[in-house]
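In: coords below, sequence missing:
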């Protein structure tokens with residue numbers, strides 16, 4: 001199977017690339033900025049690609065892959081920027097170009113923010129009401145691909161990951177700050193400890209992506225989540241090795257992301273059907 005990864009130098013992309021290398025799977029990987037530090041391996045062929053520039057045939061440029069995994073998106077974590085709507089336009093044109101030129105399997109990274117201001121356990125059939133430019137643009141892109149499905153025959157998976165954590169050299173996250181505190185750095189951190197989220201490691205996410213690659217099926221929208229509700233406070237406690245530092249963290253602050261619901265987590269019902277069984281799930285991580 002020939003695989004192309006768009007946005008391979010992103011947080012998720014780098015972790016996916018490392019796992020594919022470990023499994024000795026060859027990939028065509030794209031990057032946008034020439035100064036980016038790219039992973040070197042005989043299993044990777046890097047290509048510079050700016051999807052805002054229209055090409056006659058992106059599919060041919062990528063070497064006619066069997067599947068394209070589109071992880072690219074600009075302006076993260078500036079979720080409120082109106083530029084996300086411009087990114088949607090570029091993405092819509094890019095994905096259409098791939099499909100009309102022969103791509104048979106497309107996997108795209110969406111976001112749990114598409115659901116909007118919701119509460120409780122959220123399944124894929126919930127009515128999405130996004131509230132910020134980032135999630136509005138993502139949902140518009142999803143709808144544009146579903147329209148393409150009415151005209152062209154191709155397999156399609158839209159991944160909706162919940163709160164992914166892990167080492168991220170692109171930007172500071174709650175997880176990276178926790179690790180800095182463990183290293184002895186004095187950092188003032190203010191969080192809303194009562195917020196309930198669905199956390200999953202980036203390692204889990206990329207393993208799920210590889211599982212979907214192996215299945216080679218038309219899956220549609222898929223929540224990628226743990227299905228477990230965890231407070232921000234408990235997440236910090238779990239990942240902070242130096243437990244004495246927990247008292248230095250203000251857990252009573254207001255959530256700066258006003259657009260986020262106070263408590264929500266994902267339903268794993270569809271995901272479990274795809275994994276089929278506990279034995280199949282074990283194979284996923286081998």
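Out: Good, I have the coordinates. Keep in mind the model is a prediction, meaning the values are calculated, not measured. Numbers count the residues shown, from 1 in each chain.
In: I'd like the distance between residue 185 and residue 176.
Out: As judged by C-beta to C-beta, to the nearest Å, residue 185 and residue 176 stand 11 Å apart. Backbone N, C-alpha and C define where each C-beta goes, glycine included.
In: Of these two, which one has the most company?
Out: residue 176 (16 against 9; other C-beta atoms under 10 Å).
In: Correct me if wrong: that one contacts residue 183.
Out: No: look at residue 176 against residue 183 with C-beta atoms under 8 Å: they stay out of range, at 10.7 Å.
In: Read off the pLDDT value for the residue nearest the centre of the chain.
Out: In the chain, the centroid-proximal residue (C-alpha atoms, centre = their mean) is residue 109; its distance is 5.0 Å. Per-residue pLDDT puts residue 109 at 98.
In: Equivalent analysis for the one 5 residues further on, please.
Out: Per-residue pLDDT puts residue 114 at 97.
In: For my notes, confirm it occurs in a helix.
Out: Yes: in this structure, residue 114 lies within a helix as judged by DSSP: H, G, I helix; E, B strand; the rest coil.
In: and whichever helix or strand residue 138 is part of, which residues are buried?
Out: Taking DSSP states H and E as the definition, one finds residue 138 inside helix 133-149. Buried positions in helix 133-149, judged by neighbour count with 16 or more other C-beta atoms under 10 Å: 133-142, 144-145, 148.
In: Need the contact partners of that helix.
Out: Helix 133-149 is touched from outside by 73, 75-76, 79-85, 87-88, 91-92, 95-96, 99, 106, 108, 110-111, 113-114, 116, 128, 130, 154, 156, 158, 221, with contacts defined as C-beta atoms under 8 Å, 6 or more residues apart in numbering.
In: if you set the cut-off to 7 Å instead, what comes out?
Out: If you take C-beta atoms under 7 Å, 6 or more residues apart in numbering as the criterion, helix 133-149 is touched by 79-82, 84-85, 87-88, 91-92, 95-96, 99, 108, 110-111, 113-114, 128, 130, 156, 158.
In: Pull out the buried members of those.
Out: 79, 81, 84, 87-88, 91-92, 95-96, 99, 108, 110-111, 113-114, 128, 130, 156, 158.
In: Report the beta-bridge partners for residue 4.
Out: As for beta bridges, residue 4 partners with residue 28, residue 68 under DSSP bridges.
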